[in-house]
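Novice: Model the following, please.
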Amino acid sequence: MLQIFSMDGPLYKFLCTLADIVIINILWLITIIPVVTLGPATEAAYYTLTKVYKGEDSKLIRKYFKEFKDGFKKNLIAGLVVLFFAAVVAMDLLIFYNLIKSDDYSGSKEIIRIIGIAFVILYIILFSFFMPLMATFENSVKQNLKNSLLLGVRRFYIALPMGIITLIPLLIFLYDQQFFVKTFVLYIMLGFAGPAYINVILFRFAVKEYLPKDDEA
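Specialist: Residues are numbered from 1 along each chain as shown. Okay, the predicted model is just below:
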């Protein structure tokens, strides 16, 4: 029983991992303040969360900012690509929503709703693997975008859960703002990095055949 509470016990390791995730989440929140830095911040977060998952969790803050700085230009472009397509999907959903509300399209509402959902699913399939790929493989933005699409199609059963997990905070906010406000501190601590850590585990399972032998932790 006492072994659970020892330095090598599962409880201690869990609490250490949780603390690391909280630190990364706060770093991510700070570094996305300019908004356009979403790409470098997200890639750096996935990079350091992978280190946590592999047990390489020392000097996380230094590793985060080094990765943020070293890959800034490439990941800035990657982030702008993600934001651009997110804006396109958001505008499409707004159009579909307005069409559904319109009496002129009452007979086609179900079809319009399905098309809207399809746009969201396509976006998730395209981008679920994108930033984890940027954090794992030294490829160009274009190549990682292509690989993300191919992986998303081949591993859609992993891509969809990853996308849904990422969107959980947003979905909760849209569904119940009062609950979101009550649990706001939780989102400050874990809102992005918590789901992202789960996505790291799912991602590494999806790409394990492509990882180098010394990187299969």
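
Novice: Any regions of the chain where pLDDT drops low?
Specialist: Applying pLDDT under 70 to the chain flags residues 1-9, 102-108, 214-217.

Novice: Leaving out the residues flanking it, which one is nearest to residue 24?
Specialist: Once flanking residues are discounted, residue 24 sits nearest to residue 193: 4.5 Å by CB to CB, 6 or more residues apart in numbering. From N, CA and C alone the C-beta is placed, and that goes for glycine too.

Novice: how near is that neighbour to residue 156?
Specialist: Residue 193 is 25 Å from residue 156, where distance means CB to CB, to the nearest Å.

Novice: which of these two has more neighbours?
Specialist: Taking neighbours as other CB atoms under 10 Å, residue 193 and residue 156 compare with residue 193 leading, 25 against 15.

Novice: The more buried one and residue 21 touch, don't they?
Specialist: Yes - applying CB atoms under 8 Å as the test, residue 193 and residue 21 come out as touching, 4.8 Å apart.

Novice: hey, what's in contact with both of those two?
Specialist: Taking CB atoms under 8 Å, 6 or more residues apart in numbering as the contact rule, residue 193 and residue 21 both touch residue 49.

Novice: Tell me the helices and strands packed up against the helix or strand encompassing residue 163.
Specialist: If you go by DSSP states H and E, residue 163 is part of helix 156-175. Counting contacts by 3 or more CB pairs under 8 Å, 6 or more residues apart in numbering; DSSP states H and E, helix 156-175 packs against helix 109-127, helix 177-182, helix 193-206.
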